[in-house]
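A.B. asks: sequence and predicted structure below; questions after.
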Amino acid sequence: MKNSPLNLSNPAKLLISVGGIYTSYIYFGLITERLFNKDYSGLNRAPGTYEKFSFGFATSLFQNILSFILAYCVRKYYCKQLGTKIDLKSEVLMGTCSFGTTFLTNQALAYVTFPVQALMKSSKIIAILLVSFLMGYKSQHTKSQYFCGIIITGAILLFNITNNNSHGQHGQFESGTSLMGIGILVFSLFCDGLLGTTQSEVKRKFNPNQWDQMESLNKWAGIMCFAISTITFQMGAFLKFVYDNPLVLKDLILLAILGTFGQVFVFYTLANFSPLILSIISTTRKFVTVLASIAIYHHAINGYQWVAIALVFLGVGIEVFSGRHRHDENPHAILPMQDDEDIEAKAR
């Protein structure tokens with residue numbers, strides 16, 4: 001008999017996955033928030049009187065480079081493996097989707113307000129399940145997984161909708177939303193779902209280890225990130241900013257290290273559990289971040305938002321309970337590798 005999707009017979013590995021992802025990405029978010037708000041000139045000027053860091057692509061590029069180097073070295077020198085097990089077509093597709101979801105989510109903020117962006121990106125789990133369904137992989141998911149995804153997504157939407165700080169004077173979203181921005185976010189969600197579905201098929205066909213996946217994804221995502229930032233002239237502006245504010249490199253390198261370690265635990269989780277479990281861990285990690293922020297910074301939370309928090313843990317509990325009673329592991333529901341903590345931090 002196969003293990004359940006949660007591999008409850010191996011709680012030590014689950015603890016490593018949860019602890020590693022939570023620690024890496026929560027700290028990643030705190031550093032990212034500082035990155036987009038700090039005065040790196042060394043003059044400690046008043047807010048609004050200095051140039052802020054605004055090059056979101058650079059955080060991804062630094063992480064892509066470091067993650068690729070680590071995965072390549074481990075694969076070649078530790079695992080003694082000459083090349084990755086993944087075919088070129090799948091490598092390029094995963095890299096393209098990984099880059100697409102991160103780049104487009106950042107780009108959408110030029111056309112929509114953050115509340116709109118947050119609402120749509122909160123539907124990531126449903127996007128994954130829908131893309132999988134549309135591409136003919138619906139049998140790879142159980143009814144309880146769809147039910148779990150609906151509950152968690154609905155709870156996140158409720159939490160954002162009832163956030164008093166997310167609305168204008170009359171309870172409506174702030175101005176600045178456009179159809180262009182909505183279209184960009186829809187395509188970003190499609191990239192989320194396509195990435196997850198592709199990773200699922202790659203795991204089924206090639207059975208790669210975590211280092212194969214990490215190397216392949218970061219190699220092509222990094223190449224595309226560098227190419228697009230150069231073509232759009234963002235690279236030149238970024239280099240000028242670094243020349244004028246060299247202290248920013250410290251936080252960029254720290255973010256790359258945290259993001260790389262986070263990816264190690266992400267791919268470790270993929271190698272040992274159902275990818276849908278990775279989605280659940282990542283989703284609940286965001287709520288743990290919210291709870292920590294409430295406790296530390298004394299944010300006001302209304303009754304509806306406490307209900308939303310409870311619903312998230314209910315959804316996770318349903319998946320845990322149903323997983324214990326399934327005989328066959330279902331490894332094909334998925335989740336994108338890029339984390340949205342950097343985007344959330346910028347909007348705080």
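C.D. replies: Yep, that arrived.
A.B. asks: any idea how far residue 70 is from the nearest residue to residue 209 once chain neighbours are set aside?
C.D. replies: Nearest residue to residue 209, sequence neighbours excluded (C-beta to C-beta, 6 or more residues apart in numbering): residue 271, at 6.3 Å. Where C-beta positions appear, they are placed from N, C-alpha and C, glycine not excepted. Applying C-beta to C-beta, to the nearest Å, the value for residue 271 to residue 70 is 15 Å.
A.B. asks: need the pLDDT of the residue nearest to residue 209.
C.D. replies: We have a pLDDT of 77 for residue 271.
A.B. asks: what's it sitting at in phi/psi?
C.D. replies: Residue 271 adopts backbone torsions of phi -70, psi -20, taken as degrees, to the nearest 10.
A.B. asks: distance of it relative to residue 247?
C.D. replies: 37 Å.
A.B. asks: and what of residue 53?
C.D. replies: 11 Å.
A.B. asks: picking that back up, between residue 271 and residue 247, who's got more neighbours?
C.D. replies: In terms of neighbours (other C-beta atoms under 10 Å), residue 271 is the more surrounded of residue 271 and residue 247; the figures are 17 against 12.
A.B. asks: unless I'm mixing things up, that one is touching residue 211, no?
C.D. replies: No: judged on C-beta atoms under 8 Å, residue 271 makes no contact with residue 211 at a distance of 9.3 Å.
A.B. asks: how about low-confidence regions in the stretch 1-150 of the chain?
C.D. replies: Within the stretch 1-150 of the chain, the stretches with pLDDT under 70 are 1-9, 106-107, 109-141.
A.B. asks: in it, mark out all the strands, start to finish.
C.D. replies: Here the stretch 1-150 of the chain has no strands by DSSP state E, counting those that start in this stretch.
A.B. asks: what segments of it are helices?
C.D. replies: Ranges of helices in the stretch 1-150 of the chain, per DSSP state H, counting those that start in this stretch, are 11-35, 56-73, 88-108, 114-121, 124-134, 143-161.
A.B. asks: now swap in the stretch 151-300 of the chain and tell me
C.D. replies: With DSSP H, counting those that start in this stretch as the criterion, the stretch 151-300 of the chain has helices spanning 179-206, 210-231, 234-244, 248-272, 275-297.
A.B. asks: okay, residue 210: pLDDT?
C.D. replies: Reported pLDDT for residue 210: 76.
A.B. asks: distance of residue 303 from residue 155?
C.D. replies: Relative to residue 155, and taking C-beta to C-beta, residue 303 is found at 14 Å.
A.B. asks: then residue 274?
C.D. replies: Residue 274 sits at a distance of 21 Å from residue 155 (criterion: C-beta to C-beta).
A.B. asks: re earlier: overlap in contacts, residue 271 and residue 211.
C.D. replies: Common neighbours of residue 271 and residue 211 are not found (criterion: C-beta atoms under 8 Å, 6 or more residues apart in numbering).
A.B. asks: thinking again about what came up before, using TSV, lay out the helices of the stretch 151-300 of the chain together with distance to residue 80.
C.D. replies: Formatted as TSV, the helices of the stretch 151-300 of the chain follow (distance: least, C-beta to C-beta, whole Å):
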stretch	distance to residue 80
helix 179-206	18
helix 210-231	12
helix 234-244	36
helix 248-272	18
helix 275-297	27
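A.B. asks: of those, which is nearest residue 151?
C.D. replies: With C-beta to C-beta, the closest approach to residue 151 among the helices of the stretch 151-300 of the chain belongs to helix 275-297: 10.9 Å.
A.B. asks: quick one: mean pLDDT over that closest one.
C.D. replies: Computed over helix 275-297, the average pLDDT equals 69.
A.B. asks: next up, the contacts around residue 147.
C.D. replies: By C-beta under 8 Å, 6+ apart, the contact set of residue 147 is 315, 318.
A.B. asks: now residue 43: how far from residue 256?
C.D. replies: Residue 43 is 26 Å from residue 256, by C-beta to C-beta.
A.B. asks: ok, the two, which is more surrounded?
C.D. replies: Between residue 43 and residue 256, counting by other C-beta under 10 Å, residue 256 is the more crowded of the two (21 against 8).
A.B. asks: low pLDDT regions in the stretch 151-300 of the chain?
C.D. replies: The model of the stretch 151-300 of the chain has pLDDT under 70 over residues 156, 160, 163-178, 275-276, 279, 283, 286-287, 289-290, 292-294, 296-300.
A.B. asks: change it to 50
C.D. replies: Applying pLDDT under 50 to the stretch 151-300 of the chain flags the ranges 166-177.
A.B. asks: about what we covered before: nearest to residue 232, of the helices of the stretch 1-150 of the chain?
C.D. replies: helix 56-73 (8.9 Å).
A.B. asks: buried ones in the closest one?
C.D. replies: By 16 or more other C-beta atoms under 10 Å, the buried positions in helix 56-73 come out as 56-68, 70-72.
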